[in-house]
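1. sharing a model that was predicted from the sequence below.
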Amino acid sequence: MSNAVSTARKTAPTSARTDAGQNGQRNAALAWLTVPALFFFLAFAVVPLAGVLILSFTSWDGIGAIGSAGMSNWFSVLADPGLYNALGLTFLIMIASWLVQTPISLLLGVFTAGSQRYRAALAVLYFLPLLLSSAAVAIAFKALLDPNFGLATGLGLPFLAQDWLGVPHLALGLVIFVIAWQFVPFHTLIYQGGVRQIPKSLYEAAEIDGAGTIKQFFHITLPQLKYTIITSSTLMVVGSLTYFDLIFVLTGGGPGNSTRILALDMYLRGFRANLMGPASVIAVILVLIGLALALFLQRLGGKDKQGSQLEGM
Amino acid sequence: MKQPQTSRRSFLALAALTPFAVAATTACGTSGPGSSPAGGGASMWYLSGEPNQTTMQKAVDAFGSANPDDKIAVTYFQNDAYKTKIKTAIGAGQAPTIIYGWGGGTLKTYAEANQVEDLTAWFDENPDLKNKFFPASFGAATVNDKIYALPNQYVAPIVLFYNKELFEKAGAQPPKTWDDVMSLVKTFNGMGVAPFSLGGQSRWTSMMWLEYLLDRIGGAEVFTAIFEGKPDSWLDPAVIETGTKIQELVSADGFIKGFSSIAADSNADQALLFTGKAAMMLHGSWTYGAMKKDGQNFVQDGKLGFVQFPTVAGGKGDPKNGVGNPAAYMSISSKATDTEKEAAKKFFKEGIMTETVIDTYINSGSVPIVNGIEDKLDTSPDKEFLNFVYDLAKNAPNFQQSWDQALSPTAAEALLNNIDQLFLKSITPQQFAENMNATLGK
């Protein structure tokens, strides 16, 4: 809505008088069309957000009456070392996920973008994890990694028979691995589409100039994929804030608190410990972090200079 | 003229879309999973897992065919998932008519929020029903002298199970004292067998160790003080000693490798015992029935041994004290309609603890909380275990309800989280006591 209104303001003074009236009318009509979307946004995003903000100043066990708590929830949560543990883990998983997933999905995307038959066949296999729900993936990995009845004992591979989900640092590494296993196919798909958009003529020209495959990758493919990388990274980074189902089923935040990320911490406080107030504080913190990250990534992409990368083509 | 035309068109578009939007928003508020079957009756949520699921389904089916107008619709959930789901459903006003639970602190939060029916008067009108059950089973159903739940099912003390075959092989006797425990740990580790099986990811499984140890070391009074919220009651030296003993046991590899990633919901901990990968297991008496069903004649061939939790040298607790679940509890949602409530009460009276159900529980190796069952227990093929459980529950000077059910949900979650860390040795016993002390009164 705000977009439509602001364009109306910008264009009105520059256009001729007769146009101005018509333009204004059309924009008003267009503004009406945003009403349904706006309604959904209000009902499902703004109202719950406001509710959470209000709840963060109350004490409520989720069942009984809601009482005012002033700032006490905020003070207690901000003084709780559990919050900083959860924040640290969230960012650790975010960064590690990006570092693991981006190169793999970029290379797989470039590979599957090729037109050979065998590549298409392999691509189908790569995309399989995308079809499974997070809970199913978590249950499957949990069963496979069971230290006593899992895959390693079944196949007689003692080096695999670690207590994967029972030792804090192993559990954390495993969570990052399983997240990558599940989401790499999705990002591969994004990169595959991005690579296929690159005009063939660029590569033909490079070949004439004598550039090899590796040089072509670094000087054509990678720069041309700049916006794809930003899109994929935004999805990865903001999405990592909401990793919940997989970790909840796989480790439940354990062992100890070693995989208790922010979203899980919020759930456990709210729905296990019946502390809706402190859980709402964490929800507000999550929203703020998500907003800040999204803004930062958009800046990184150069919001104002969405120039074409195909100038002169 | 253009303007009225466009605005009317956009208004029509808006009008056409509004019903969808309204439908989409209201859809969230209408009948949820807790709704009752069409044509009267009540809804109920119950725990999945055998043998109880089949027992309950048969009881419900029998009641339904005798009372076609008051059918009970049951949905089954896994234990750990259920505990969260029921709380959320009650808070959202979507609870089933019959709320299954463990009584204690959780029931208290429901009762104080007026979410469950006060059944005191109804029990007074039905003295036969009230006198049918063990008097002790009403303790955890009572909040401020009012009864909010029907005790049912069976009494489930925590028992130390052991694998007789492995003990014979080792030439060992089941532990009578904590020193025996520590020396058995050495014996079995030397044999390449894990001393104790434990489903530590579920956390309440680890809690059972603390419940017994604290009782044996400090006596029942220590937890009673905690339960009553007395200041600094968690800082009792007995708590610290309990934590120290547990960490010594963990350090001595007392528990099976990988215990903190084993979940009790899958019964993997029981499988470790009956497949001979672990020699002992501290667990609820309900696992007897499950092991009898899953253990391929492990129980039937008499390979499963069971003893009371060992004593601790210099401890104050009575070795006859027990911990566990005094019964299962069922409450009626105060948000249910009158017909639903009546159907539920009828089911409570006529459907839930029938002779058939009582016999089924006994056959699956459990002691129903019904008076006058001694003869039935004596004629059962599982009489050895049944009498053991019956005597344990009956003769215990103090039978402590499981801590996570006795305490408020807030304190219970903090307790489970800190127990997990204590077993991982990421906090010291002193830190454990201090962390828990901060939850008193919450």
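-> Cool, got the structure.

2. residue numbers of the stretch 101-250 of chain A in contact with chain B?
-> A:142, A:145-149, A:163-168, A:171 (Cβ under 8 Å from any Cβ of the partner chain). The C-beta positions use only the backbone N, C-alpha and C, and glycine is treated the same way.

3. which one of those has the most neighbours?
-> Of all those, residue A:165 has the most neighbours under the rule other Cβ atoms under 10 Å in any protein chain shown, reaching 27 neighbours.

4. wait, doesn't residue A:293 sit right on residue A:239?
-> No. Look at residue A:293 against residue A:239 with Cβ atoms under 8 Å: they stay out of range, at 10.5 Å.

5. so which of the residues of the stretch 101-250 of chain A next to chain B comes closest to residue B:343?
-> Nearest to residue B:343 among these, counting by Cβ to Cβ, is residue A:142 at 39.3 Å.

6. confirm that closest one sits in a strand?
-> No. Secondary structure of residue A:142 (DSSP: H, G, I helix; E, B strand; the rest coil): helix, not part of a strand.

7. in what helix or strand does residue B:88 lie?
-> In this structure, residue B:88 is located in helix B:79-91 according to DSSP states H and E.

8. tell me the domain ranges of chain B?
-> B:42-153+B:327-371, B:157-324+B:401-437 (automatic domain parsing).

9. worst mean pLDDT among these?
-> When the domains of chain B are ranked by mean pLDDT, domain B:42-153+B:327-371 comes last with a mean of 89.

10. starting at the chain centroid, how far to it?
-> 14 Å (Cα atoms, centre = their mean, to the nearest Å).

11. quick one: it near chain A?
-> Yes. Legend: contact between domain B:42-153+B:327-371 and chain A by Cβ under 8 Å from any Cβ is shown at B:83-84, B:87-88, B:90-91, B:109-110, B:112-113, B:115.

12. just the buried subset of those residues, written out for PyMOL, thanks.
-> This is the PyMOL syntax for the buried subset of these, where burial follows 16 or more other Cβ atoms under 10 Å in any protein chain shown:
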select buried, chain B and resi 83+84+87+90+91+109+110+113+115
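
13. could the residues of domain B:42-153+B:327-371 next to chain A go into a markdown table alongside distance to residue B:148?
-> Converted to a markdown table, those look like this (distance: Cβ to Cβ, whole Å):
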| residue | distance to residue B:148 |
| --- | --- |
| B:83 | 18 |
| B:84 | 21 |
| B:87 | 16 |
| B:88 | 20 |
| B:90 | 13 |
| B:91 | 17 |
| B:109 | 11 |
| B:110 | 7 |
| B:112 | 10 |
| B:113 | 11 |
| B:115 | 10 |
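
14. quick check: residue B:386 touching residue B:367?
-> Yes. Residue B:386 lies in contact with residue B:367 (Cβ under 8 Å); the separation is 5.7 Å.

15. mind listing the shared neighbours of those two?
-> Residues touching both residue B:386 and residue B:367 (Cβ atoms under 8 Å, 6 or more residues apart in numbering or on different chains) are residue B:377.

16. of those two, who's got more company?
-> Taking other Cβ under 10 Å, residue B:386 and residue B:367 do not tie; residue B:367 has more neighbours (28 against 25).

17. tell me the contacts of the residue of the stretch 51-200 of chain A found nearest chain B?
-> Going by Cβ to the nearest Cβ, chain B is nearest to residue A:147 of the stretch 51-200 of chain A, at 3.0 Å. If you count contacts by Cβ under 8 Å, 6+ apart, residue A:147 has them with A:153, A:161-164, A:166, B:257-258, B:261-262.

18. ok, now with 6 Å
-> A:163, B:257-258 (Cβ atoms under 6 Å, 6 or more residues apart in numbering or on different chains).

19. burial of residue B:130, as a residue count?
-> Neighbours of residue B:130 (other Cβ under 10 Å): 18.

20. leaving out chain neighbours, which residue sits closest to it?
-> residue B:123 (4.6 Å; Cβ to Cβ, 6 or more residues apart in numbering or on different chains).

21. count the neighbours of the one you found for me.
-> 18.

22. do the same with the one 4 residues further on
-> By the measure other Cβ under 10 Å, the count of residues near residue B:127 is 9.

23. look up how far residue B:330 lies from it.
-> 19 Å (Cβ to Cβ, to the nearest Å).

24. returning to that earlier point: keeping just the C-alphas, turn the helix holding residue B:88 into PDB.
-> Extracted in PDB, the C-alpha atoms of helix B:79-91 (Å, rounded to 0.1, in the frame of the first residue of the first chain):
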ATOM      1  CA  ASN B  79       3.600 -39.600  26.500                       C
ATOM      2  CA  ASP B  80       6.100 -36.600  26.200                       C
ATOM      3  CA  ALA B  81       4.100 -35.000  23.300                       C
ATOM      4  CA  TYR B  82       0.900 -35.300  25.200                       C
ATOM      5  CA  LYS B  83       2.100 -33.500  28.300                       C
ATOM      6  CA  THR B  84       2.600 -30.300  26.200                       C
ATOM      7  CA  LYS B  85      -0.400 -30.800  24.000                       C
ATOM      8  CA  ILE B  86      -3.000 -31.100  26.700                       C
ATOM      9  CA  LYS B  87      -1.700 -27.900  28.500                       C
ATOM     10  CA  THR B  88      -1.900 -25.900  25.200                       C
ATOM     11  CA  ALA B  89      -5.300 -27.300  24.400                       C
ATOM     12  CA  ILE B  90      -6.700 -26.400  27.800                       C
ATOM     13  CA  GLY B  91      -5.300 -22.900  27.600                       C
END
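
25. please enumerate residues in contact with it?
-> Counting by Cβ under 6 Å, 6+ apart, A:62-63, A:271, B:34, B:47, B:95, B:115, B:265 sit against helix B:79-91.

26. wait, which of those is closest to residue A:117?
-> So of these, ranked by how close each gets to residue A:117 (Cβ to Cβ), first place is residue B:265, at 45.4 Å.

27. number of residues surrounding that closest one?
-> 16.

28. show me the contacts for it.
-> Going by Cβ under 6 Å, 6+ apart, the list of residues near residue B:265 reads B:78-80.

29. looking at these, which is nearest chain A?
-> Nearest member of the contacts of residue B:265 to chain A, counting by Cβ to the nearest Cβ, is residue B:80, at 8.3 Å.

30. now do the strand or helix carrying residue A:94: distance to the chain's middle.
-> Assessed by DSSP H and E, residue A:94 sits inside helix A:81-113. Taking the mean of its C-alpha atoms, helix A:81-113 sits 10 Å from the chain's own mean (Cα atoms, centre = their mean).

31. mean confidence (pLDDT) on it, please.
-> 93.

32. flag every buried residue along it.
-> Residues A:82-83, A:85-87, A:89-91, A:93-94, A:96-97, A:100-102, A:105-106, A:108-113 are the ones in helix A:81-113 that count as buried (16+ other Cβ under 10 Å).
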